[in-house]
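Novice: predicted model and sequence follow; I will ask about them next.
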Amino acid sequence: MPYLVHSPEDRAAMLATIGAASMEPLLADIPASLRVRRLELPDGLSEPEAMGRIRSLAGRNRVFEDRLTFRGGGVYRRFIPAAVPAVTSKGEFYTAYTPYQPEASQGWLQAIFEFQTMIAQLTAMDVANASLYDGATAVAEAAMMAVVHTGRDKVLVAGYLHPEYEETLRGFAKGRKFHVLHHRPRGGVLTAEELEAELHDEIAAVIFQQPNFLGLVEDASALTAAAHAHGALAIASVDPISLALLAAPGEYGADIAVGEGQQLGLAPSFGGPHVGFMACRSELVRRLPGRLVGQAFDGQGRRGFVLTLQAREQHIRREKATSNICTNHALCALAATVYLTYMGPDGMHSIAATSLSRAHHLAEGLSRLPGFQPAFPDASFVNEFPLRIEKPGELLARLAGQGILGGLDAGRWFPELAGVVLFCCTELNDPAALDELVEACR
Amino acid sequence: MPYLVHSPEDRAAMLATIGAASMEPLLADIPASLRVRRLELPDGLSEPEAMGRIRSLAGRNRVFEDRLTFRGGGVYRRFIPAAVPAVTSKGEFYTAYTPYQPEASQGWLQAIFEFQTMIAQLTAMDVANASLYDGATAVAEAAMMAVVHTGRDKVLVAGYLHPEYEETLRGFAKGRKFHVLHHRPRGGVLTAEELEAELHDEIAAVIFQQPNFLGLVEDASALTAAAHAHGALAIASVDPISLALLAAPGEYGADIAVGEGQQLGLAPSFGGPHVGFMACRSELVRRLPGRLVGQAFDGQGRRGFVLTLQAREQHIRREKATSNICTNHALCALAATVYLTYMGPDGMHSIAATSLSRAHHLAEGLSRLPGFQPAFPDASFVNEFPLRIEKPGELLARLAGQGILGGLDAGRWFPELAGVVLFCCTELNDPAALDELVEACR
Amino acid sequence: MTEQLAFEKSRESLPGPRLPAAGVPELAPAQVLPKGALRKTPPGLPRLSEPELMRHFSRLGAMNYSISKNFYPLGSCTMKYNPVVNEVAASLPGFALLHPYQPEETVQGALELMWDLERALCAVVGMDRMSLQPAAGAHGEWTGLRMIQAFHEDRGDERTEVLVPDSAHGTNPASAALCGFKVVEVKSAPDGRVSLPDLEAKLNERTAALMLTNPNTVGTFEKDILEIAGLVHAVGAKLYYDGANLNALMGICRPGDMGFDVVHLNLHKTFTTPHGGGGPGAGPVGVKAELEPFLPTPTVARPNGHFTFDYERPKSIGRVRSFYGNFGMLVRALTYILAMGGDGLTQASHDAVLAANYVRQNLEDVLEFPQPPPCKHEFVASARNLPNGMKALDLAKGLLERGFYAPTIYFPLIVPEAVMVEPTETESKATLDAFTDAVREIVQLAHDDPERLHREPTSLPVGRLDEVAAARNPVLRWRPAAAD
Amino acid sequence: MTEQLAFEKSRESLPGPRLPAAGVPELAPAQVLPKGALRKTPPGLPRLSEPELMRHFSRLGAMNYSISKNFYPLGSCTMKYNPVVNEVAASLPGFALLHPYQPEETVQGALELMWDLERALCAVVGMDRMSLQPAAGAHGEWTGLRMIQAFHEDRGDERTEVLVPDSAHGTNPASAALCGFKVVEVKSAPDGRVSLPDLEAKLNERTAALMLTNPNTVGTFEKDILEIAGLVHAVGAKLYYDGANLNALMGICRPGDMGFDVVHLNLHKTFTTPHGGGGPGAGPVGVKAELEPFLPTPTVARPNGHFTFDYERPKSIGRVRSFYGNFGMLVRALTYILAMGGDGLTQASHDAVLAANYVRQNLEDVLEFPQPPPCKHEFVASARNLPNGMKALDLAKGLLERGFYAPTIYFPLIVPEAVMVEPTETESKATLDAFTDAVREIVQLAHDDPERLHREPTSLPVGRLDEVAAARNPVLRWRPAAAD
Ligand SMILES: Cc1ncc(COP(=O)(O)O)c(C=O)c1O
Ligand SMILES: Cc1ncc(COP(=O)(O)O)c(C=O)c1O
């Protein structure tokens, strides 16, 4: 049987050592009434047969081309350098456990230390953790940090946060017993005045997304300042690619920066596994959830790395831990580390700037079409933008028929946005693809 | 630029160390008249753009499904365990050089030693070398060994050897100045009497393929005995999968066994890279071409492996070497080693027996169709067989139109075989696929 | 040999990688974005060429222990072989390139895969429905407890406490706390099993659930499980199964039959999705029919032969993360289940139990065993009586020196100097024997030359690192020299 | 630590892998094959489970030096970085799954790829046409000489000798001999270049060709190449270019312009296809128009926009192997060329020359250099004067101990105790500096403690192996204990 290693003789020899005539004595403490006759699953298949089944399932999905995918909403097609999977597919990395024994795990520990540093640099925050599950739970964890830190029991979702992040946050809030308020601006982005009207002293944190779910750029400095004015923490959920162009959370004084790292070298993969990241100011470091790697030295003064500040974590603190997270998304964080190393500052800028130029070119092209208009013409955007369209469902279905994964219908989540479709562009949507889309939308 | 590592400062620092103001002094010994202004190739592309071009080339080829591929003729679709590419794609293996420095290359050396052993076991010969380019050059190298060993200047190709192997052999013979005779039997396979009539004392070797190019099983023992009776060596070109069922060259007394290892875990890849193997009797070991790995010990008595008997090779013996081969097909040999380790004796038997059962089932099914008949009904076969068909070109084109890569038209090479098509079956042609083929041939 | 950080290998003037030009009129960010929205200083990422990058990570990989390299005896972690074909499956473009918001008719294969996997996992554990959404075991625990919470609330039954054995994994109390429950610890009996009297004493009408794993964390089957279930259900509470230890039981018995109401699984333990150096995993949660209405949204439904996501679930606790779960891990798990089949999974659990009892037996005379045999898929020894005051930690480091990873140490908390070994079904007898030999050698060394043992490991890139100092003065990131 | 052989890990009763059942009536081989044709004893292959297999080869990989790990200074081998994307390209199903005998209309992309690559390589070396068929450099040499042979024969001109410099790579004389030529050695001048007087003395009407590489094997440009070409052509002979050293010249100058008539390339050197532990490579051969009729069959043609294999080439030397060459390596090479472009390849050669001169300069005071600078992409030093009788071999082993591979040693034969270093363009300055430091450290050690140096390496899986004993009593395979 696949993946089993013993010959019948091996088994017999092992039983003999134990002094058991069969497996039965080893299972004798299981009540007879519980024993099952057989596991109700078909017998196993050979590798080519199993893969035949799996391939046929994969074949029943439709793969849109990179260049003709204009749908984002939190998951994007981006160029993934071949170096990324070449590293993450190394058995030395992917078959390792969480690096509990540092001396035998320096490779992983150093990689995580590099990830933490890169996230800190990207967000311009003091420290970052070793990863979280995804962007949604990262927002929830950040909110819980703020609730504990401030001793307040309300958080305010300011503006268009990804609807699935907000829903996730609400679930965590129910458990942890705090309240989630939200305010959705009429103009697509929040003004400081609008926000001010919602703020008061019971609010632990103001949570906003930059660019927001519609792709629009918020006035992050103003939102942060307003939050601070009321003693609330400012939590920014950021798009990591956009940080090559947009002010970093650390630059505008946010307390916690979180986000989804899928764009940093991870395949869309129907929504996961991706990776959540979290960075914060030094003062909050002991409230961080999850793994943290720190520098350490051995008796000979050699630098190494270890899991550290574990007194925050479940295996030490149990019910008093900052979070219950244990297994996180290390391999995805490694992908992001390789990606960011490949790109460097210039590469990040190039990717972001190309996406921006193309998105604006596309927005212009589409907006010239009859029946298409910018949903929030006064707001600025990076590489995703909302258009108001007459019959979005029909249009998107027609595009799909032509092999184009068109924009995302925001009305699905927000009644006030019925008829609003979010289009995104990346470095993979070549100029000809933009033309094809515009043509197909006519 | 991709794959270059120096910053402008690095280059400047290096030039400064050298004491050169620019690259020019380092190139000054190249006559000015030879210097080119620029390399006439387009500027480089980014990785996604280069891959875009490459993918579009790949997209202009038609990939037939495994199960609907019935064409062999030396290259076969077989199940390749995922373990095979998982090993050969390890940078530790594929980015290594030929293991000249044994202490730092034990992984490769041991793997080759295992390959040599496996080929020796499979062929039941005494020793095997570390690999050759392919089955065709392996036949040519074997013929040259025989010419040197016997001091005779003719080799006889007995029966249906792969036509491309024979053509390759003829080229080598032209250079090395020996003669290639051949005899093609009327009945598809050779009888000992037919062969006897062709043999005489100037023949260095009798070369035959088992099963032969038509898939038919030769009387290898008789051919070997006849060769030996005239002082010629017997060279068997064998299908490695068939050796799970068919007598091994060592069992019938062949002097040299060669073959193509593509079926042992390598993709068809439009014909290469595949791997030639060669095994022989101990007496011939010092005439073997190419690398050989042997066991050695260090000062502490630890067992290791080294390249050995190098006095046969070009880098030591230069024009007196047994062959000019240097770079061989090590990584392909590694794939074969992993494949054979995965399969073991039971796996090899299963694959071969399944292929045999299916091929006979298919032969029966097709032979029942009007206009189809066994080309050589008295000969036996393993998993590839010749049928005589009325308009093979039309049939094969029709099948291709239905996504089926039908048999191989042997008339392309052998005028006497006009109308003969070779069909093959492997463990990947499931029973439903056989039915589909029969149906499509109606 | 240690390795420089990527940041330390970086050179300021090294150009970035070649990337596609915009090919449309190029806009400077300042042309379309408000000035205040722009980044002031570019992110200080390292600049490495691709050759340097690949070498860097190859060298880091080589400095790392992994299953590829050797045996991982980590108790509670089920570090079994990760089939390579699973990786091929997950990277098929038909899975890897799917956008989560594609039209449903374009992802029927993905939905069918989730449907099939849900049913296969239900068959293994004996539950009625399952959500594949949680990202890991702890996330599954939290999701399960949220459902139990919602279930009680739905009935107007306010319950505030969750019982957790003192032997439980840290995530159990942490998940309960994160869910707003008060955590009440249940004592273990001397044999490592739940103390029934203590359990009875702590169960009451405030109890929302008892969280258990079975075999428990000392590797012993909770033979009174039916009685325990009876007691729990009698007070109206629910019984929660932490599936981290399922590897002992496949095809032998099912948590669903034992009376568990909610089960989470760790696909990254029992179902061979790789641990990845700390994830991603997947922590599906199964429930009995009674709790089905509370499953996270969406579930996969098949109204009429066509697969669809069902969002119309008014009692649902809602989603617990973005999208539908760690889909790539689900692909791997189903590939594994197809290859193993019911017969293979059953033999796997038998072999896991066999291996644990075999190693335990071979160590009987060198370590202390608080619990009597037989164990199930793992066992806990105590290093308390090692010679010369040597500790579990020293044993662990000695194993690293000898080419093995260390067992889980100092867990569970109820065993002093705990050494928890889980051999799994995918380690050969030869490897298990070599491991036993290494432990014996270390125990001998503890006797003969404790000083030397205390200095181990010496053959790894670094020696024992000063973790106390590291935590006292945490350096959690590299900083450019100037900023230091 | 050494590793058992797979055969030594095998267990007789371990069942084989799961494989598809026939699904049609199962035939015993004896039912359809003559009794005498059947195998008597099954092949004695090892029986390992998949987990053991993967661990086995992972461990072997870890015992192996590779570019992934560190610098490979092997002179003449051009061990540069192998781009990972090339591996992705070659494994695309649209290439990897093509049968060589598919109908031409179903492989237009493959033919176009070969067409493009042929033209790109011709542009780099300045030749008119190219065959992509040869499997490696030596195979290319033989193919090129066969064409020269056929060319002379075609003109009724019998030529029996091939001139080869004494500094040439062993494959040159070996290929010539394999082609039936008498090999005549041409002496090198003290500066390592071809001795013109000796060349003139040996050229005559029997000369079929002179084989050269340029830069030659001591890394020096044959500055008199135009004169050499004139002399060779004057006697009616052809000039053959061994392209192993092309990495110095791309975008700088072209063999075709120097007067070479035939050129072989090593895609596994200059064009980054991985060396694979000893292949597969690819050794395309380019020719001037005059020799085109003799190219191996088939070539790729494009009669009217449609690609096709051209078999109608009456003067062709015929095929030199099966099918069309190592197609998978051709895919990799074209991917590399597309990514680098003309600009990138040019810079690559510049950087390769820069690196060699830089390392040479840094070693100027510790090794002897028979040839004056500048060198091109590689240089040859002599270890003749190492202190205390230490040899090139000791330097090599010292480098292994310090985490580097060794340079090529004892080649070329014209330099005593030759140490041939080729840094390539893909090694960073930091790595080159570390290498220089290691060499200095070893030379110092040779002075201070030759005994210790002589014992190195000590930190690898084995110490220096007794190669003499191994060759005297060759053990070339494992044998089951019984048969020993
Ligand atoms: C017994 C037990 N429960 C729960 C968990 C938590 O699972 P995860 O790490 O996937 O969150 C683990 C594993 O770490 C465990 O061993
Ligand atoms: C100068 C020179 N010529 C020829 C060759 C032979 O090439 P190959 O090993 O590809 O046959 C080599 C490389 O080994 C070489 O360095």
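Specialist: Noted; the coordinates are in hand. Ligands and ions are numbered 1, 2, ... in the order given.

Novice: now do C:Ala482, the pLDDT please.
Specialist: pLDDT, C:Ala482: 62.

Novice: do you know the pLDDT at the residue lying closest to A:Arg318 once chain neighbours are set aside?
Specialist: Closest residue to A:Arg318 apart from its sequence neighbours, by CB to CB, 6 or more residues apart in numbering or on different chains: C:Pro173 at 4.2 Å. C-beta coordinates here come from the backbone N, C-alpha and C atoms, glycine included. Model confidence at C:Pro173, given as pLDDT, is 97.

Novice: again, but for A:Glu313
Specialist: For A:Glu313, pLDDT reads 88.

Novice: quick one: the residue lying closest to it once chain neighbours are set aside and A:Gln110, what's the gap?
Specialist: Counting by CB to CB, 6+ apart, A:Glu313 lies nearest to A:Ala321, which is 5.5 Å off, once chain neighbours are set aside. In this view, A:Ala321 and A:Gln110 are 25 Å apart by CB to CB, to the nearest Å.

Novice: again, but for A:Gly72
Specialist: 33 Å.

Novice: neighbour count for the two, which is higher?
Specialist: A:Gln110 (29 against 23; other CB atoms under 10 Å in any protein chain shown).

Novice: that one: helix or strand, and which one exactly?
Specialist: helix A:106-123 (DSSP states H and E).

Novice: dihedrals phi and psi, the residue in chain C that ligand 2 sits nearest to?
Specialist: Nearest residue of chain C to ligand 2 (CB to the nearest ligand atom) works out as C:Pro51 at 21.4 Å. In terms of degrees, to the nearest 10, the main-chain angles of C:Pro51 are phi -60, psi -40.

Novice: low pLDDT regions in chain C?
Specialist: C:482-484 (pLDDT under 70).

Novice: now the strands for it?
Specialist: C:129-131, C:161-165, C:182-186, C:207-212, C:238-242, C:262-264, C:285-287, C:299-301, C:308-310, C:379-382, C:408-409, C:418-421 (DSSP state E).

Novice: equivalent analysis for the stretch 1-150 of chain A, please.
Specialist: Along the stretch 1-150 of chain A, counting by DSSP state E, counting those that start in this stretch, strands occupy A:127-128.

Novice: and C:Val84, what is it in contact with?
Specialist: B:82-83, B:86, D:54 (CB atoms under 8 Å, 6 or more residues apart in numbering or on different chains).

Novice: out of these, name the two that are farthest from one another.
Specialist: Maximum pairwise distance among the contacts of C:Val84 (CB to CB): 9.9 Å, between B:Ala82 and D:Met54.

Novice: before we move on, the earlier item: ok, now which ones touch the residue nearest to A:Arg318?
Specialist: With CB under 8 Å, 6+ apart, C:Pro173 has these contacts: A:314, A:318-319, C:164, C:183, C:185.

Novice: from the residues you listed, which would you call buried?
Specialist: Using 16 or more other CB atoms under 10 Å in any protein chain shown as the burial test, the contacts of C:Pro173 include A:314, A:318-319, C:164, C:183, C:185 as buried.

Novice: could you list the residues of chain A in contact with ligand 1?
Specialist: Proximity of chain A to ligand 1 is confined to A:326-327 under the rule CB under 6 Å from any ligand atom.

Novice: quick check: residues of chain A near chain B?
Specialist: Applying CB under 8 Å from any CB of the partner chain, we find that chain A lies next to chain B at A:46-48, A:51, A:79, A:81-82, A:86, A:89-91, A:427-428.

Novice: filter those to the buried ones?
Specialist: The buried subset of those (16+ other CB under 10 Å) comprises A:46-48, A:51, A:79, A:81-82, A:86, A:89-91, A:427-428.

Novice: so how far is ligand 2 from the nearest residue to C:Leu113 once chain neighbours are set aside?
Specialist: Counting by CB to CB, 6+ apart, A:Leu57 is the residue found nearest to C:Leu113 once chain neighbours are left out, at 4.9 Å. Taking CB to the nearest ligand atom, to the nearest Å as the measure, A:Leu57 falls 43 Å from ligand 2.

Novice: still on that earlier bit, restrict the contacts of C:Pro173 to contacts with ligand 2.
Specialist: For ligand 2, no contacts are drawn from the contacts of C:Pro173 by CB under 6 Å from any ligand atom.

Novice: which ones are touching the residue sitting nearest the centre point of chain A?
Specialist: By CA atoms, centre = their mean, chain A has its centre lying nearest to A:Glu260, at 2.7 Å. The contact partners of A:Glu260, taken as CB under 8 Å, 6+ apart, are A:74, A:134-136, A:138, A:239-240, A:274-277, C:322.

Novice: backbone dihedrals for it, please?
Specialist: phi -110, psi 130.

Novice: touching ligand 1 at all, stretch C:203-218?
Specialist: Yes - for stretch C:203-218 and ligand 1, the contact criterion (CB under 6 Å from any ligand atom) is met by C:213, C:217.

Novice: who are the contact partners of the closest residue to A:Arg312 other than its chain neighbours?
Specialist: Of all residues not flanking A:Arg312 in the chain, A:Thr322 sits nearest, at 4.6 Å (CB to CB, 6+ apart). Shown in contact with A:Thr322 (CB under 8 Å, 6+ apart): A:145, A:148, A:286-289, A:312-313.

Novice: now with 6 Å?
Specialist: If you count contacts by CB atoms under 6 Å, 6 or more residues apart in numbering or on different chains, A:Thr322 has them with A:287, A:289, A:312.

Novice: who's in contact with the residue of the stretch 101-250 of chain C found nearest chain A?
Specialist: In the stretch 101-250 of chain C, the residue that lies nearest chain A is C:Gly109 (3.1 Å; CB to the nearest CB). By CB under 6 Å, 6+ apart, the contact set of C:Gly109 is A:57-58, A:60-61.

Novice: what count of nearby residues applies to the residue in the stretch 151-300 of chain A that chain B sits nearest to?
Specialist: Sorted by distance to chain B under CB to the nearest CB, the residues of the stretch 151-300 of chain A start with A:Gly265, at 12.6 Å. Residues near A:Gly265, counting by other CB under 10 Å, number 27.

Novice: that one contacts A:Pro85, doesn't it?
Specialist: No - assessed by CB atoms under 6 Å, A:Gly265 is found out of contact with A:Pro85, at 8.4 Å.

Novice: what touches both of these two?
Specialist: Going by CB under 6 Å, 6+ apart, no residue sits against A:Gly265 while also sitting against A:Pro85.

Novice: contacting residues for residue 138?
Specialist: Since you didn't name a chain, this refers to chain A. A:132, A:258, A:276, A:278.

Novice: try again with chain C
Specialist: A:324-326, C:171, C:175.

Novice: can you tell me which of the buried ones among the contacts of C:Pro173 is closest to chain D?
Specialist: For these, the nearest to chain D is A:Gln314 (30.7 Å; CB to the nearest CB).

Novice: could you list every residue that touches that closest one?
Specialist: A:321, A:324, C:170-171, C:174.

Novice: neighbour-wise, which one of those residues leads?
Specialist: C:Thr171 (31 neighbours).

Novice: what separation do you get for the closest residue to it other than its chain neighbours and C:Gly279?
Specialist: Using CB to CB, 6+ apart and skipping the chain neighbours, the partner closest in space to C:Thr171 is C:Ala138 (4.0 Å). For C:Ala138, the distance to C:Gly279 equals 10 Å [CB to CB].
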